[in-house]
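S.K.: build me a model from this:
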Amino acid sequence: MNHLAYSPVRGRAPRLVAGAASALLLGALALGGCTAGVRQSGVGTGGSGGTTGTGGSGASGGTTGTGGHTTGTGGGGGDIVIQTDAGPSDAAGCQTADVMFNPTNPTVFILVDLSGSEFDTATTGIFFNLRPAVEQVVMSLQDQVRFGIGSFVGDHATGSCKLDYSQVAPALDNYQAIKTAYDSWGPLQPYGSKADTPMYAAIEMVNATLKADTDTGPKYMMLVTDSETDFCDDGNALCPADAITYLAQSMYAQTPSIGTLVVGLPSGLTQISTAVLQNLANAGVGQPIAIPAGSGASTTTDFWYQCNGSMTTGAAWMSLYSQAGLTGMRALANYSAAAGTATAFTPSDTSTAALVTQISAAINTIPRSCVFQLPTFTIDTTKLNEAQVYLLDKSGNKNVVSLDSSKTNGWYMDNITTNSQGMMTSTTLELFGDACTQLRSQNTVDIKFNFPCDLVITIDKP
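M.R.: Numbering: from 1, shown residues only. As a prediction, this is how the structure comes out:
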């Protein structure tokens, strides 16, 4: 939801600007004063003895003077009035809001893998390029995005899978806390220790953190992964992939929904790596997923036979199966014949610059809100036809958005109530249908609202 404030500027409110690599920028809000075609009536003059005082413009006349030399009471100040030469365009300029995409701050929790596949040696590997890339993005967007971060690795030294998980809870201006934590993370010590990848358990931790977070903005988990996950037993690759895809589907389906953004680093260690990344991206936005080609499974029953087995895989996979309340012989996730088309952002290489570009691009997919909150003044919904709402594109063209009480394609007010004077009022404006789609277009750079003075109810009189 977008929040508008009745003030000259609104600092630190984020805005989404299409086309930039770091697409979340600071926004501002300006509301114009009542100048165009609008004036406050003056105070009337007093009547001389025995005559009637002259009324102020837009006001009633003064009372009749009593006595030969007593001055009558002046006419009282009138209500705010529209001047006679003020047409609809003048009225529409009285209360204006120029909004540069001020969405409620999104929360992005970045989950990074500290398993052995992230470290080629003690000084090189994906981790050593990924860390500065993540920190660079967080630093540039920390006042606009509520970033959190978590790291995980499976320690198998004791013979059983021990999840080693650390996190920094999401917040605005979180760069220093994230950098301090991230810089302290690294491979299991001593270097070369067997480090496994129980991502399913780490995702459950992230879900718990985001569900407990009381912020009302949109929430996302960002997976930066090569998709090579396991249950700490180097078992069948299909089963842990099924588990993390199921968890991404479940997080999206729950209330409030938690989406998944995927920055994929396919390793090629298994045939299903690319397909798993695509499934995670689809699951995280509610699109269908497909059984990974090359997995050896052709039906969801095959998942049951491959995953309901011995070793750690069987126990962990069945634990999720029981928690989900599933019955019969099937997979954890819900599969379809064809997969969706969500984007798994895959850098052309694993350089820091390429990773920055892809992480920024993933964040830029967070949709702009089509709901705008007007908290400081109330709109008389019986006069909405006097207002103007329009979008500006990159070429400077003004595209008027039509008023649409059917809420099909255009703008209208939500949450309409009746006040003590019997007026129908609302403080929430929303775009619907193609109008919302156009707002979210990469070609749209601005939205403007113009409300006439007689449409805005809560104007304080001097």
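S.K.: tell me where the stretch 351-462 of the chain has strands.
M.R.: 371-373, 379-380, 388-393, 398-400, 410-414, 417-418, 424-426, 428-432, 444-451 (DSSP state E, counting those that start in this stretch).
S.K.: with only the CA atoms kept, save the longest one in CSV.
M.R.: Once non-C-alpha atoms are left out, strand 444-451 reads as follows in CSV (Å, rounded to 0.1, in the frame of the first residue of the first chain):
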residue,chain,number,x,y,z
THR,A,444,5.5,4.5,-16.3
VAL,A,445,7.5,6.8,-14.1
ASP,A,446,5.0,8.9,-12.1
ILE,A,447,1.4,9.1,-10.9
LYS,A,448,-0.5,12.3,-10.0
PHE,A,449,-3.7,13.0,-8.1
ASN,A,450,-5.6,16.3,-8.3
PHE,A,451,-8.5,16.8,-5.9
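S.K.: where does the prediction get shaky in the stretch 351-462 of the chain?
M.R.: Applying pLDDT under 70 to the stretch 351-462 of the chain picks out residues 375-377, 457-462.
S.K.: please, where are all the helices along the stretch 301-450 of the chain?
M.R.: Taking DSSP state H, counting those that start in this stretch as the test, the helices found in the stretch 301-450 of the chain are 311-323, 352-363, 434-439.
S.K.: so which of the ones you listed gets nearest residue 414?
M.R.: helix 434-439 (12.8 Å; CB to CB). In this view, the C-beta of every residue, glycine as well, is placed from N, C-alpha and C.
S.K.: for the closest one, buried residues please.
M.R.: Buried residues in helix 434-439, counted by 16 or more other CB atoms under 10 Å: 435-436, 438-439.
S.K.: same thing with stretch 399-411?
M.R.: Result for stretch 399-411 [16+ other CB under 10 Å]: buried residues 401, 409-411.
S.K.: also stretch 302-320?
M.R.: Quick answer for stretch 302-320 (16+ other CB under 10 Å): 302-304, 306-307, 312-314, 316-318, 320.
S.K.: try stretch 411-424
M.R.: Buried residues in stretch 411-424, counted by 16+ other CB under 10 Å: 411-413.
S.K.: so, low pLDDT: which residues of the stretch 201-350 of the chain?
M.R.: 266-269, 310-313.
S.K.: what about the strands in it?
M.R.: Going by DSSP E, counting those that start in this stretch, the stretch 201-350 of the chain shows strands at 219-225, 258-264, 289-290, 335-336.
S.K.: give the partner strands of the third one in its sheet and their orientations.
M.R.: The reference is to strand 289-290. Next to strand 289-290 in the sheet, as set by DSSP bridges, lie strand 335-336 (parallel).
S.K.: mind listing residues that contact the partner strand?
M.R.: 288-291, 300 (CB atoms under 8 Å, 6 or more residues apart in numbering).
S.K.: repeat that for 10 Å
M.R.: Residues from elsewhere that reach strand 335-336 (CB atoms under 10 Å, 6 or more residues apart in numbering): 242, 245, 279, 282, 287-292, 297, 299-300, 303.
S.K.: of those, buried ones?
M.R.: Burial by neighbour count, judged by 16+ other CB under 10 Å, picks out 242, 245, 279, 282, 287-289, 291-292, 297, 300, 303 from the contacts of strand 335-336.
S.K.: from those, which is closest to residue 212?
M.R.: Nearest to residue 212, judged by CB to CB, of the buried ones among the contacts of strand 335-336 is residue 245 at 23.5 Å.
S.K.: show me what contacts that closest one?
M.R.: Contacts of residue 245 by CB under 10 Å, 6+ apart are 200, 227, 260, 276, 279-280, 282-284, 289, 292, 331-335.
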